[in-house]
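Engineer: With the input below, show me the fold.
(chains A, B, C and D)
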Number of protein chains: 2
Amino acid sequence: MAKLNSELMRGSLDLMLLTVLSGGKKYGYLLQQELRDASRGLIDIQAGTMYPLLHRLEADKLIRSSWDDSTGRRRKWYELTPTGRKRLSQQAREWHEYAECLKNMLSPVLEPVPRTA
Amino acid sequence: MAKLNSELMRGSLDLMLLTVLSGGKKYGYLLQQELRDASRGLIDIQAGTMYPLLHRLEADKLIRSSWDDSTGRRRKWYELTPTGRKRLSQQAREWHEYAECLKNMLSPVLEPVPRTA
DNA sequence: CAGTCATATATCGCGAAGCTATATATAGAC
DNA sequence: GTCTATATATAGCTTCGCGATATATGACTG
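Structural biologist: Reported below is the predicted structural model:
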């Protein structure tokens, strides 16, 4: 699966991270991998994109973090806050509405009208 | 219909303009109106966003323009170039793929699993 | 044991791009 | 004559994604 033109994802990156986090606590590197795997390589968020984004989401109190230093691998685990959960479901609905709308507009481009036999 | 959080549209604005232009020649103000109407107010691209975007698309030779000064209303009509048409169908497919992927990820959030009776 | 790669997080600087505000000009309504 | 809608354009601000770079450890390999 070819990597996606990343420009397309602008605007829904937070939504994606929040979505993956709704499946439970994750740390950054794991999040990155899960996204890549779940999308068969389509979605590959760079580290230099993801970490600042996680920091933003935390500053906005949509997620919270805790370090685990018990192993040699320092890991910062993130989880949704109640606010984050609300934001997620709201953004998800908004995105879905938008996607349906755009899909509708695109339909003539995606599936050209078959010739009337 | 409430206006959409415009952040969500980042990354697919060009796609939308190209899509609307695939329906025939349009000038900027008309484009803006058609988008707003077709989406029942959901998509409302600001003038300060749209005009620079149109200029970019033209600089990239995806669209071309011609002035109509025959009336009091100066209008700049835009139409797709062959290159723009190719780009549109390519971006449309890419977006669709991405949208399906995200929709998939979102499905547990959008439609919570019903309790097993 | 030295070298290399994967794991794991972080930040800087750059450039792209959307928004608000503002400017300009005309048409039509009242 | 004033106000609103039509129609296009640009400057300045800010946000944000990316590549590059830095740091440190674990795991494998010869």
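
Engineer: what does chain A put close to DNA strand D?
Structural biologist: A:6, A:9-11, A:13-14, A:45-49, A:52-53, A:56, A:71-73 (C-beta under 7 Å from any atom of the strand). Where you see a C-beta, it was placed from the backbone N, CA and C, and this is true even at glycine.

Engineer: Check chain A for its longest helix and report it.
Structural biologist: helix A:82-110 (DSSP state H).

Engineer: Quick one: list the elements packing against it.
Structural biologist: Here helix A:82-110 touches helix A:13-21, helix B:13-21, helix B:82-110, going by 3 or more C-beta pairs under 8 Å, 6 or more residues apart in numbering or on different chains; DSSP states H and E.

Engineer: now do 6 Å
Structural biologist: In terms of contacts (3 or more C-beta pairs under 6 Å, 6 or more residues apart in numbering or on different chains; DSSP states H and E), helix A:82-110 is packed against helix A:13-21, helix B:82-110.

Engineer: Run the contact check for it versus DNA strand C.
Structural biologist: No - Helix A:82-110 stays clear of DNA strand C (C-beta under 7 Å from any atom of the strand), getting no nearer than 12.5 Å.

Engineer: Low-confidence bits of chain A, can you list those?
Structural biologist: A:1-2, A:6, A:112-113, A:117 (pLDDT under 70).

Engineer: Helix, strand, or coil at residue A:70?
Structural biologist: coil (DSSP: H, G, I helix; E, B strand; the rest coil).

Engineer: count of residues packed around it?
Structural biologist: Neighbourhood size, residue A:70 [other C-beta atoms under 10 Å in any protein chain shown]: 8.

Engineer: and it, how far is that from DNA strand C?
Structural biologist: 12 Å (C-beta to the nearest atom of the strand, to the nearest Å).

Engineer: how close does the spatially most central residue of chain A sit to residue B:32?
Structural biologist: In chain A, the residue lying closest to the centroid (C-alpha atoms, centre = their mean) is residue A:16, at 1.3 Å. Using C-beta to C-beta, to the nearest Å, we find residue A:16 at a distance of 29 Å from residue B:32.

Engineer: got it, and residue A:18?
Structural biologist: Taking C-beta to C-beta, one finds residue A:18 at 31 Å from residue B:32.

Engineer: Return the residues of chain A in contact with chain B.
Structural biologist: Taking C-beta under 6 Å from any C-beta of the partner chain as the contact definition, chain A meets chain B at A:4, A:7-8, A:10-11, A:19, A:39, A:42, A:89, A:92, A:94-96, A:98-99, A:101, A:105-106, A:109-110.
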